[in-house]
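Visitor: Predicted model and sequence below, questions to follow.
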Amino acid sequence: MMPCHAHGHQGSWFADVTARRHPEVDGRSLPCIWDFWWKKGTTRYVDPGYAPGNPKAEKVVEALKSDGFAIMRKRRMTTANDVWEADGYIAIFEVANVKFGDKLEFDIVRRVCDLD
């Protein structure tokens, strides 16, 4: 089985995907979301930290609405326990019913593939 990979760029809220067995996402740049805002085993994602007017946030929301896919990232606290930082990728998810107001929320439809 060919694995799925994501490669991000520091400062970007998107990552490039290599997933030959999944042509719907292979070769695309997809928006990243955080595991912290999703309760495992549920189908709802709610991030109260998104704010209208932030150009990066609006670009992510636009991509979620138009493309319907997202890369879930892991978060961890720094050793000083005061700052969140990225800790790798989890999986690519298909999403729907994206709403953006005082928070970002949407439904997770299916897990497309795990990321290594």
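Guide: Yep, it's here.

Visitor: The lowest-mean-pLDDT helix or strand in the chain: what's the following helix or strand?
Guide: In the chain, no helix or strand scores lower on mean pLDDT, DSSP states H and E than strand 69-77, which sits at a mean of 87. Heading C-terminal from strand 69-77, the first helix or strand you meet, by DSSP states H and E, is strand 84-100.

Visitor: what comes up buried for that following strand?
Guide: Residues of strand 84-100 classed as buried: 89-95, 98, 100 (neighbour count, 16 or more other C-beta atoms under 10 Å). C-beta: built from backbone N, CA, C; applies to glycine.

Visitor: And it, how far out from the chain middle?
Guide: With C-alpha atoms, centre = their mean, to the nearest Å as the basis, strand 84-100 stands 2 Å off its chain's centre.

Visitor: which residues in the protein form strands?
Guide: Assigned by DSSP state E, the strands in the chain fall at 5-8, 14-18, 29-34, 44-47, 69-77, 84-100, 104-114.

Visitor: Let's have these in TSV, adding distance to Ala63.
Guide: Output for the strands of the chain, formatted as TSV (distance: least, C-beta to C-beta, whole Å):
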stretch	distance to Ala63
strand 5-8	14
strand 14-18	7
strand 29-34	5
strand 44-47	14
strand 69-77	8
strand 84-100	10
strand 104-114	12
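
Visitor: With that, I have no additional questions.
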